[in-house]
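Q: Would you be able to build a 3D model of this:
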Amino acid sequence: MAQGKPAILWLRRDLRLSDHPALLAACAGGGPLIPVFIHDESVSALGAAAKWRLGLSLASLARDLEARGSRLILRRGAAREVIPALAGEVGAGAVHWSRLYDPESIARDTEVKAALKAHAIGAESHNSHLLFEPWTVKTGTGGFYRVYSPMWRAVKDRDVPAPMAAPSRIPAPEVWPESARLDDWQMGAAMRRGAAVCLVHQCVGEAAAQDRLDEFVGGAIGPYKDARNNPGINGTSGLSENLTYGEISPRQCWHAGRRALHEGAQGAEHWLKELVWREFAYHLMYHTPEILTRNWRREWDAFAWTQGHEAEVLRWKQGRTGIVFVDAAMREMYVTGKMHNRARMNVASYLTKHMMVHWKVGLDWFADCLTDWDPASNAMGWQWAAGSGPDAAPYFRIFNPETQLAKFDPEGAYARAWIAEGQAWPSKTALSYFDAIPESWGLRPEDPYPAPLIGLTEGRKRALAAYEQREVRA
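A: Here you go, the predicted model:
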């Protein structure tokens, strides 16, 4: 790396200043730093909610950089072309970035690194997105973990480097390169009227993420083991959106959780397990990238998923299946951009088992609607629920959304929060659903609540029969 020459920090899903190895390495070169974000094909491919939320994060990071005398440069195009061109433009000696682990990102980054080296420009990637990179965790036979529990046991006592402070100084160039305007990218265009509804439920930027973490470990982490399953209360950390865009690092979360554990917080270990569950998803995506697009368990390729039935799938998307837990969860997603994890499992189980619709239909819809969308977690979650994925529950273990809701939200707070139909005085959040959804759906709070699309008993029997038939054919 050429000392004293400008360095480029290529930002992707690491939109923060603290605990940022790539940023610190770039600053250590001694020359001016040019932070850049590229609107490339990976950004263009994002769903409506994820792209909009990414735009909010970029705006927040730009403000944080400006407060330190720096700025965020925005460029559009293929990274393999934009990065070398920018490096030549500013006379950069090195480019630094944080590693990603999906196959498209790996291929893109490999091309960028080759192009930079061809021009004698340093290229260095860093770990910023995970606690344990996929190639560093191995089974006793040298392979990767296909089941979560043994992976947890393998890593739970590992040393995790302490988070690093933000650099005290971010050196700026005398002349900044040209930059696009974030507003011109219209990152939220596809959200339409839903953006205004969803905005108040976002926790955007590094400072907000740190406050959220502090608040969680100072209180809700104690009863987390049980409270995390109740969708009607604020019993989780809510940090999924911040981890998705790198507004906070997993190391910052891990060490905060470990401190809480040592201080006697009973739910801290279970929260640490959830952080490793996220790691498990990334390990699987890295080692078996097919999890993103096809059945992880190939024996499911011949399963008779229901084809067509667009009207039924539309009712599922609208949150009008007539199954309260499923509908409340879908409406929560449209209003907040997120969905409680217990609700996600029930929503996915109902679609793939009661309705027998292919899990990829749900995966793609979540990718379009979630502001905390994460490629690895989304894929593993849907395949886990469908029975086709790793560490999955057996197909015959079918969630009953009625008993699940009665068990985990006995007071009925979740349904009241999100279902307006039938309530004399619907909550603000329940009414917000009608402001967030497409006008073309033509739904109103005065509409009657629908009868069940598929009865729970009927759907379970049909799913089990299909499962048994698959066993016979196998």
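
Q: where along the stretch 51-200 of the chain do the strands fall?
A: 73-76, 94-98, 122-126 (DSSP state E, counting those that start in this stretch).

Q: Mean neighbour count, those strands: which tops it?
A: Ranked by mean neighbour count, the strands of the stretch 51-200 of the chain are led by strand 94-98 with a mean of 24 (mean count of other C-beta atoms under 10 Å). Every residue, glycine included, has its C-beta placed from N, CA and C.

Q: quick one: strands adjacent to that strand?
A: According to DSSP bridges, strand 94-98 forms sheet pairs with strand 7-11 (parallel), strand 122-126 (parallel).

Q: returning to that earlier point: okay, the strands of the stretch 51-200 of the chain in JSON lines with distance to Pro177 next?
A: Listed next are the strands of the stretch 51-200 of the chain as JSON lines, based on distance: least, C-beta to C-beta, whole Å:
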{"stretch": "strand 73-76", "distance to Pro177": "6"}
{"stretch": "strand 94-98", "distance to Pro177": "14"}
{"stretch": "strand 122-126", "distance to Pro177": "18"}
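
Q: quick revisit: is it possible to export the strands paired with strand 94-98 to TSV including mean pLDDT?
A: Output for these, formatted as TSV (pLDDT from 0 to 100):
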stretch	mean pLDDT
strand 7-11	98
strand 122-126	98
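
Q: Save those as JSON lines, and put in distance to Arg53 too.
A: Below are those laid out as JSON lines (distance: least, C-beta to C-beta, whole Å):
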{"stretch": "strand 7-11", "distance to Arg53": "15"}
{"stretch": "strand 122-126", "distance to Arg53": "24"}
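
Q: what about stretch 11-28, start to end distance?
A: Its first and final residues considered, stretch 11-28 spans 17 Å by C-alpha to C-alpha, to the nearest Å.

Q: Stretch 345-365 now?
A: For stretch 345-365, the end-to-end distance is 15 Å (C-alpha to C-alpha).

Q: Quick check: mean pLDDT of it?
A: Taken as a whole, stretch 345-365 carries a mean pLDDT of 95.

Q: Sort out which residues of that stretch are buried, please.
A: 345-363, 365 (16 or more other C-beta atoms under 10 Å).

Q: out of these, which are inside strands?
A: In strands, judged by DSSP state E, none of the buried residues of stretch 345-365 are found.

Q: Of the residues you listed, which belong to helices?
A: Secondary structure defined by DSSP state H assigns 345-349, 359-363, 365 of these to helices.

Q: Can you lay out those as a markdown table showing distance to Glu279?
A: Shown next, in a markdown table, are those (distance: C-beta to C-beta, whole Å):
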| residue | distance to Glu279 |
| --- | --- |
| Met345 | 19 |
| Asn346 | 24 |
| Val347 | 24 |
| Ala348 | 21 |
| Ser349 | 24 |
| Trp359 | 22 |
| Lys360 | 24 |
| Val361 | 27 |
| Gly362 | 23 |
| Leu363 | 20 |
| Trp365 | 25 |
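
Q: Thank you kindly, that will do.
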